[in-house]
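**Q** Just need the structure, nothing else, for what follows:
(one chain, ligands or ions: 1)
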Amino acid sequence: MSESTIRPFFWRATRLFGEKTVVSRTTDGEHRYSYESFGHRVQKLAGALSALGISDGDRVGTFGWNHHRHFEAYYGIPLMGAQIHTINVQLSDDRVAHIVEDASDDLLLVDPGEPLATIERLWEDLDSPDQVVVMAEEVPETELPAVGYETLVAEAEPVSEWPELNEDQPAGMCYTSGTTGLPKGVEYTHRMVYDHSMMVTTPAALGIDESDVVLSVVPMFHVNSWEFPYAATMAGARQVHPGASPSAAELVDLIGSEGVTLTAGVPTVWIDVLDELDEHGGDLSSLERIVVGGSAAPEEVTRRYKDEYDVTVEHAWGMTETMSIGAVSRPKASMAAASREERLAKRAKQGLLSPGLEMKVVDEDGDPLPWDGESAGELLVRGPTVIEEYHNRPEANETDFESAADGGWLHTGDIANIDDDGYIEIVDRVKDVIKSGGEWISSIELENQLMAHQDVTEAAVVAAPHERWGERPLGFVVPQAGADPDATRLRESLVGTVPKWWLPDEIRISETIPKTATGKFDKQSIRERLDQPDLPHAPGRQRWPIISRTLQWPMRTWSPGRSGRISMGK
Ligand code: ADP
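**A** Residues are numbered from 1 along each chain as shown. Okay, the predicted model is just below:
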């Protein structure tokens, strides 16, 4: 019996769908080729990497956006027995240095421009690697020991026979976003990539088919671009790679010109695309579905795409530790006769667990909570696509993973309830929830209520230390352009929407709210700066679009129970 590896994915795309096209936006212009040509270049890339001394068990870091060269690396590196380690190009320098050092990458494949400049700044302090490959037509002037990707591939001997691979050998690696602490290294074996690609391709999760034209806006440096480069290839779908930091206008253009049917990305991207469509229009007639996840998809976004463009938003939940997609929210067949509002409310939840996984929510003693849509505790998941440990992090392994004897569960750090239909609803993260006088307050619910106010565009609520209550909520809001909201009135506007004792002690009007490199509110850095007059700007080069001014954020993410109590699992 052969092993579960990505080799048959490559074989299927190149042999059964060899003529299908892969299109990329690159710094050198548009690039277009067939799966067959992709296959030849992957064989040459593997040959080139061997010539550079990379072999079985080595780790090759990549530091770039979504384009055909990075896509080739997704296959060439693991097919030759090495491990591809994708690194987020939007992180601050110290985080990148930490990640490259922690992973001890043997070689780096780097995009020209800002990513290359980052590595140039860090180079002196890095112990490994000793060479970089620049993923461009030509190598720009650089002091680094650098070679050009195209030169390497042109001169390489193609690998004609792939080595025998073991399904348990590492194929990939990615670090968590670091929203609640230092990024943690997560490794994926061939079998995990195989299983997760199978999972997302099935109609019970996303249902990807060869008739699809797939545009993943999820960066290739972020959790395997939610597995699309593997799953869409295996399915034989056409693929479109949007290149570096695509703007909303570029995305709308690509969708129209390439006839994209399925696309994916974080909520801010799709909010920005709606703004672009409002202002300049665009052709979304080919588009059937948008997979939205990473943080909660606002109900209003789902509603508008359906009403105005006949596009279905598929709300998905996942983590680096679950290889991205682990749940998708879609009304069950039994809801066919339900009202539109009920169906939309289901879609706003984080969804039904994907096939292959199991879950429970537990209270602080680890006891399972009822599925009543109210009792909230920590979400625990397990399954073949959920990791069992972090790289180099024994202390986190102790707290985040149950032993096999205890069921092998992953503590997700998400606080959720599950309703009687089995839909997950995330209400907060363990590290962000506010504990006041022994009771828990949902920061997410307060943020949603604040962001629903017409004068507010962004809101973050964090725990401030308090002598009597332990912690009290403190809110930060960014006003809409042209608005001048009064903090006391904003606070009063929350009366009646949340329990009275949840009202933030203070609301500060701020110019900006710092975000992590994956576009989430960086509450850790907000908490570190509570005694300072202004919030820091985002670390690193923040290029995620900010939240739209024109949309109302969802009013409901969580309806607290009568007591507003949340149970905790950790
Ligand atoms: P980090 O944990 O450092 O933020 P990840 O990128 O792995 O890094 O993020 C996973 C987390 O993102 C989940 O644990 C959850 O808190 C949040 N998340 C993912 N999808 C959703 C979603 N659809 N709705 C709300 N939160 C989400």
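
**Q** what number of residues lie near S339?
**A** 9 (other Cβ atoms under 10 Å). Quick note: C-beta positions are derived from backbone N, CA and C, even for glycine.

**Q** what about it, distance to L206?
**A** In this view, S339 and L206 are 26 Å apart by Cβ to Cβ, to the nearest Å.

**Q** Figure out the helix or strand that the residue in the chain sticking out farthest from the centre lives in.
**A** Within the chain, R468 marks the point farthest from the mean C-alpha position, 38.1 Å out by Cα atoms, centre = their mean. Under DSSP states H and E, no helix or strand contains R468.

**Q** Which positions within stretch 19-37 qualify as buried?
**A** Buried residues in stretch 19-37, counted by 16 or more other Cβ atoms under 10 Å: 20-27, 31, 34-35.

**Q** how about it as CSV, C-alpha atoms only?
**A** C-alpha atoms of stretch 19-37 as CSV (Å, rounded to 0.1, in the frame of the first residue of the first chain):
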residue,chain,number,x,y,z
GLU,A,19,-3.8,21.7,-20.3
LYS,A,20,-5.5,23.6,-17.5
THR,A,21,-4.0,27.1,-16.8
VAL,A,22,-2.4,28.6,-13.8
VAL,A,23,-2.4,32.4,-13.9
SER,A,24,-0.3,34.7,-11.7
ARG,A,25,0.2,38.4,-11.1
THR,A,26,3.9,38.8,-10.5
THR,A,27,6.3,41.7,-10.1
ASP,A,28,7.4,40.9,-13.7
GLY,A,29,3.9,41.1,-15.1
GLU,A,30,1.2,38.5,-15.7
HIS,A,31,2.3,34.9,-16.0
ARG,A,32,0.2,32.1,-17.5
TYR,A,33,1.1,28.5,-18.1
SER,A,34,-0.4,25.0,-18.1
TYR,A,35,-0.3,22.4,-15.3
GLU,A,36,2.0,20.4,-17.7
SER,A,37,4.5,23.3,-17.9
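
**Q** now that stretch: how far from the chain's centre is it?
**A** Stretch 19-37 sits 24 Å away from the centroid of its parent chain (Cα atoms, centre = their mean, to the nearest Å).

**Q** And stretch 416-431, by the same measure?
**A** Distance, centroid of stretch 416-431 to centroid of chain: 19 Å (Cα atoms, centre = their mean).

**Q** can you check stretch 186-193 too?
**A** 17 Å.

**Q** Check stretch 208-216 too.
**A** 19 Å.

**Q** So what touches that stretch?
**A** Contacts with stretch 208-216, where a contact means Cβ atoms under 8 Å, 6 or more residues apart in numbering, come from 17, 20, 66, 200-201, 225-226, 228-229, 231-232, 235-242, 251, 254-255, 258-265, 286.

**Q** and it, how far apart are its ends?
**A** Length of stretch 208-216, first residue to last, Cα to Cα, to the nearest Å: 12 Å.

**Q** Quick check: mean pLDDT of the host helix or strand of D272?
**A** According to DSSP H and E, D272 maps onto helix 267-280. Averaging pLDDT along helix 267-280 gives 92.

**Q** Outside of the helix or strand following that helix itself, list whatever touches it.
**A** Using DSSP H and E, the helix or strand that follows helix 267-280 in sequence is strand 289-293. Strand 289-293 has contacts (Cβ under 8 Å, 6+ apart) with 206, 226, 261-267, 270, 301-302, 305, 311-318, 324-325, 328.

**Q** give me that answer again for 7 Å
**A** The contact list for strand 289-293, computed with Cβ atoms under 7 Å, 6 or more residues apart in numbering, reads 206, 262-265, 267, 270, 305, 311-318.

**Q** of those residues, buried ones?
**A** Here, 16+ other Cβ under 10 Å leaves 206, 262-265, 267, 270, 305, 311, 313-318 buried among the contacts of strand 289-293.

**Q** Over stretch 307-326, what's the mean pLDDT, rounded is fine.
**A** Stretch 307-326 comes out at a mean pLDDT of 97.

**Q** Spatially, what comes nearest to the most centrally placed residue in the chain if we skip its sequence neighbours?
**A** The residue lying closest to the centre of the chain (Cα atoms, centre = their mean) is G294, at 4.7 Å. Spatial nearest neighbour of G294, chain neighbours left out: V266 (4.1 Å); criterion: Cβ to Cβ, 6 or more residues apart in numbering.

**Q** go on, V186?
**A** Nearest to V186 is T320, by Cβ to Cβ, 6+ apart, at 4.9 Å.

**Q** Now do the same contact list for the one you found.
**A** When contacts are counted by Cβ under 7 Å, 6+ apart, T320 touches 174, 176, 186, 223.
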